[in-house]
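1. Using only what follows, build the 3D model:
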Amino acid sequence: MAAATLTGSRAKTTVPKGGTGPAMSVQAGWGTVAVDAATEAGDIFEVCWVPGGATIIGGYVLAGDGDTGTESLDIDIGWAANGVDAADSDGLGNLGVWTGDAGEGMTTEPGNALFFGGTLLATGPKTFTVDTKIQLQTVAAAATGVIMNATVVVLYLYNTTA
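-> Numbering: from 1, shown residues only. The predicted model follows:
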């Protein structure tokens with residue numbers, strides 16, 4: 001099967017994007033997508049939007065254990081091309097293999113709890129001047145795939161002068 005792009009309900013163009021607020025108040029974009037047990041390298045899961053003028057300062061991914069037995073499921077977080085910025089499949093994190101093991105990451109429960117990294121670690125917060133779609137991209141398929149939900153939360157500041 002060829003790689004596919006799947007759009008989550010909060011990544012549709014009809015969903016209102018986050019807005020303005022007092023300077024330096026943290027805003028959030030979020031979305032949940034179902035990751036199929038048969039996801040394969042190149043599959044894209046469009047999760048949510050950040051508005052033009054947003055400066056991403058952090059975020060995280062919470063997901064079930066989508067790979068049982070010998071783990072090989074590898075999914076990264078980044079953004080789609082937006083007319084200004086080129087697409088970057090791991091711009092917000094090359095998250096490596098998702099083990100789903102209890103006690104790893106941010107939680108003691110089985111599943112995946114992964115902080116953003118990528119550009120944020122390399123050069124600091126990332127500003128987008130136009131509306132931008134945040135997406136997960138499968139790098140390697142699961143050895144023994146299990147359907148799971150993945151929730152992405154993007155924390156950003158809205159800059160009216162961006």
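2. Residue 51 against residue 158, yeah?
-> Yes - between residue 51 and residue 158 there is a contact under Cβ atoms under 8 Å: 6.9 Å. The way it works is simple: take the backbone N, C-alpha and C, and place the C-beta from them, glycine included.
3. Return the distance of the most centrally placed residue in the chain relative to residue 2.
-> For the chain, residue 77 is the residue whose C-alpha lies nearest the centre (Cα atoms, centre = their mean; 4.1 Å). Remark: distance between residue 77 and residue 2 (Cβ to Cβ, to the nearest Å) = 22 Å.
4. now the helices: where do they sit in the protein?
-> 119-122 (DSSP state H).
5. Poorly predicted segments of it, please.
-> 1, 6, 10-12, 14-23, 102-108, 159-162 (pLDDT under 70).
6. so where do the strands sit in it?
-> 5-7, 26-35, 44-50, 54-63, 74-79, 88-93, 112-115, 126-128, 132-140, 148-158 (DSSP state E).
7. Who are the packing partners of the last one?
-> I take that to be strand 148-158. strand 26-35, strand 44-50, strand 54-63, strand 132-140 (3 or more Cβ pairs under 8 Å, 6 or more residues apart in numbering; DSSP states H and E).
8. Who does the closest residue to residue 117 other than its chain neighbours form a beta bridge with?
-> Once flanking residues are discounted, residue 117 sits nearest to residue 93: 4.4 Å by Cβ to Cβ, 6 or more residues apart in numbering. For residue 93, the beta-bridge partners are residue 77 (DSSP bridges).
9. Residue 93 touches residue 126, doesn't it?
-> No - with contact defined as Cβ under 8 Å, residue 93 does not count as touching residue 126 (11.5 Å).
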